[in-house]
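Chemist: dropping a prediction and its sequence here:
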Amino acid sequence: KGGDPVTKLNTDEQKIKRGTGITEALLYQKQLHEERKSICLSIHTVSGTTTKKTGGLQICLRKEEGSGRLSIRRKRSLFVRYYKEIEERKYFSDAFNEWLEERRAFQEIAESTYLKYKGLYQRHFHKDNPFCRIQLSRIKEIDVERFIKKQIRDEKLTRKGYNDMKIILIGVLKYAKKAGYTTFSIGTFMLDFVNPPRLFAPKANWKDEEQVYNEIEVQQLIHYLREHDDRVENLGLVLAFECGVRVGELAVLRWSDIEDNVLHISRTESCCEDSKTGKKTRIESDRAKTPAGSRDIILPRQAKATLKAIRLHNPFAPKDAFLFQQPDGTFCTSRMFNYRLKKACESIGIKYRSSQKIRKTYSSTLMENHVDERIIINQMGHTNISMTKQAYTFNRKTKEQFSKQRIQYLWAFAGFRNDVQVSLPLLS
């Protein structure tokens, strides 16, 4: 009675709410509903008693047949309801893609982080994983708990690996709740969840000689790299030994970044994905790797001599040119520097360690020489000294030097005791 309610609202309510935009919104909702309805109905041809029925829809219709013959109007209604339910089904993969693309669109993450998250997703949340086949609306606490424990066990995750996976899990499920895909609260779950420490794989205990170049190796490498200065990347590696810069920062250095005795670090190399080819490419990021990574490095005297040798490779380069520039105007990538480092190690006959180990060698050298901690933090681009000590400080002595140093320490300790009279041996 009184006609279609939406039509009536368009005539009566329009007079009351004119200019508020409410009428336009209702019209849009009605139009959207009709479009979705027509799409659902277009999948099936409904004519008299003839219908195309498959899968769950056929079961749905059979349940309704118990109440008598179905009218065409009733069948249309069932079609719309069935396909609307299918459309509203959301899985972890759907929420992940939306969450990641939204963070990328708002520039909350760098391109390198975007690729890292995609890699973590492919490792832990692939389509064959039972957890990813559960609808988000049906996820329970037991499902998440079993998924976490299974991944730690099967992938042999360390605490760091688990924390990386947890970033994806928490971020996606929080987004899913905000989007209305689920009522499950991952925040509440994580407050109550306790992971048994025995589940984690033991942390790898790296030997010092695997993390840094010892004193003899550094001398051999620098001598070799200076002798083979026909490759500008070799001189870049020398500069890394002298300043401790990250190889990504080294790659995108420009002549305008050098001022007197200071090297300004404000950019780094970043990895991104080509939208057309899908291949990974290296680009110059206008931000440092971390907020603390944006810093002014103090240049030692030997570094100035290295910069002069680098300048000879391109003496007429403008200020905005890269220090390590290729003939086509692009910068030498971090992969090129690591390749030259590997070649140098092979030529000398020592074990190859990546350019990251050069930074650890530089940090260990500063710590050994008791440099002020504030200077070390600035040179390394760290937020605190504890990180430098825990992850970037190792013994750079050879086994012979280290054992000799220990003997000297023990004899010196014994010499200070009143009850032990012993003379220190002459150790060269």
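Modeler: Received it, and whenever you're ready, just let me know what you need. Numbers count the residues shown, from 1 in each chain.

Chemist: give me the most central residue, this protein.
Modeler: residue 113 (3.3 Å; C-alpha atoms, centre = their mean).

Chemist: can you read off the backbone torsions of that one?
Modeler: Backbone torsions of residue 113, given as degrees, to the nearest 10, read phi -70, psi -40.

Chemist: if I look at it, how far off is residue 99?
Modeler: 13 Å (C-beta to C-beta, to the nearest Å). Heads up, the C-betas are built off the backbone N, CA and C, glycines and all.

Chemist: now do the contacts for the closest residue to residue 151 other than its chain neighbours.
Modeler: Closest residue to residue 151 apart from its sequence neighbours, by C-beta to C-beta, 6 or more residues apart in numbering: residue 124 at 5.6 Å. Counting by C-beta atoms under 8 Å, 6 or more residues apart in numbering, residue 124 makes contact with 151, 155, 165, 168.

Chemist: now with 10 Å, please.
Modeler: Residues in contact with residue 124 (C-beta atoms under 10 Å, 6 or more residues apart in numbering) are 131-132, 147-148, 151, 154-155, 157, 161, 164-166, 168-169.

Chemist: so which of these is the closest to residue 315?
Modeler: Taking C-beta to C-beta as the measure, residue 164 is the one of the contacts of residue 124 closest to residue 315, at 45.7 Å.

Chemist: quick one: secondary structure of the closest one?
Modeler: helix (DSSP: H, G, I helix; E, B strand; the rest coil).

Chemist: measure the nearest residue to residue 244 once chain neighbours are set aside to residue 237 for me?
Modeler: Leaving aside its chain neighbours, residue 244 sits nearest to residue 362 (3.5 Å; criterion: C-beta to C-beta, 6+ apart). For residue 362, the distance to residue 237 equals 12 Å [C-beta to C-beta].

Chemist: for residue 350, same thing?
Modeler: 14 Å.

Chemist: residue 107 and residue 285: what is the separation?
Modeler: From residue 107 to residue 285 the distance is 12 Å (C-beta to C-beta).

Chemist: residue 260 too?
Modeler: 26 Å.

Chemist: these two - which one has more neighbours?
Modeler: residue 285 (19 against 7; other C-beta atoms under 10 Å).

Chemist: so what's the backbone phi/psi at the more buried one?
Modeler: Residue torsions, per degrees, to the nearest 10, at residue 285 are phi -90, psi 140.

Chemist: that one contacts residue 268, doesn't it?
Modeler: Yes: between residue 285 and residue 268 there is a contact under C-beta atoms under 10 Å: 5.3 Å.

Chemist: overlap in contacts, those two.
Modeler: If you check residue 285 and residue 268 against C-beta under 10 Å, 6+ apart, the residues they both contact are 110, 112, 248, 252.

Chemist: which of these has the most neighbours?
Modeler: Going by other C-beta under 10 Å, residue 252 tops those with 25 neighbours.

Chemist: and that residue, what pLDDT?
Modeler: Per-residue confidence at residue 252 stands at 96 (pLDDT).

Chemist: coming back round to it: give me the common contacts of residue 350 and residue 237.
Modeler: Residues touching both residue 350 and residue 237 (C-beta under 10 Å, 6+ apart): 221, 224, 344.

Chemist: comparing residue 350 and residue 237, which shows the higher neighbour count?
Modeler: Each of residue 350 and residue 237 has its neighbours counted (other C-beta under 10 Å); residue 237 has more, 24 against 16.

Chemist: what distance do you get for that one to residue 327?
Modeler: Going from residue 237 to residue 327 by C-beta to C-beta gives 20 Å.

Chemist: spit out the contact partners of residue 262.
Modeler: So residue 262 contacts 295-299 (C-beta under 10 Å, 6+ apart).

Chemist: what subset of those residues is buried?
Modeler: Burial by neighbour count, 16 or more other C-beta atoms under 10 Å: within these this picks out 295, 297, 299.
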